[in-house]
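**Q** missing the sequence, but the structure's below:
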């Protein structure tokens, strides 16, 4: 679990750097451990002057950057039959971080989901297994080419290197 949590922490750190660089003087509030936001699929609240607060979901991907694909989580825990964050999150923005390339993608969540759902069957499903202590759970997601999302979803964008 430490490897998974470490990756998540690195993803949040890179997402924070990008968002704060994009809007100097803005504020980010980490609500990832707050039960009021956990079930809504929101990790950060992005507060900017004169703009409504945005809910941000951060996803860290340790390998997808080399392959050029997003992993849109459709089933969070197969053994418990829990839906994936991509389907239930009410976040305004999905910040998808390819950790291997330190590449940050900002995807308007509702628009990406609306684009994906009618096309869902054309993308292969993959599963990953995660061990937490003596328990193992399976996550299932769709493998979606980055290029297609960036070309077809208005507002989807990539930042090749996180700002330093």
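**A** Structure received. Everything numeric in this text was worked out from a predicted model, so none of it was measured.
**Q** from now on I want contacts and neighbour counts done on CA atoms only, so please keep to that.
**A** OK.
**Q** which residue lies farthest from the center of the protein?
**A** residue 134 (26.3 Å; C-alpha atoms, centre = their mean).
**Q** could you check how many residues crowd around residue 29?
**A** Residues lying near residue 29 (other C-alpha atoms under 10 Å) number 13.
**Q** equivalent analysis for the one 3 residues further on, please.
**A** With neighbours defined by other C-alpha under 10 Å, the count for residue 32 comes to 19.
**Q** can you give me the strands for the chain?
**A** Per DSSP state E, the chain carries strands over the ranges 27-30, 44-48, 51-61, 69-77, 82-83, 93-98, 103-108, 125-132, 135-145, 157-159.
**Q** give me the contact list for the last one.
**A** Taking contacts as C-alpha atoms under 8 Å, 6 or more residues apart in numbering, the residues outside strand 157-159 that touch it are 103, 104, 105, 106, 107, 150.
**Q** what about the fifth one, how many residues nearby?
**A** Residue 107 has 24 neighbouring residues, counting by other C-alpha under 10 Å.
**Q** what is it paired to in the beta sheet?
**A** residue 94 (DSSP bridges).
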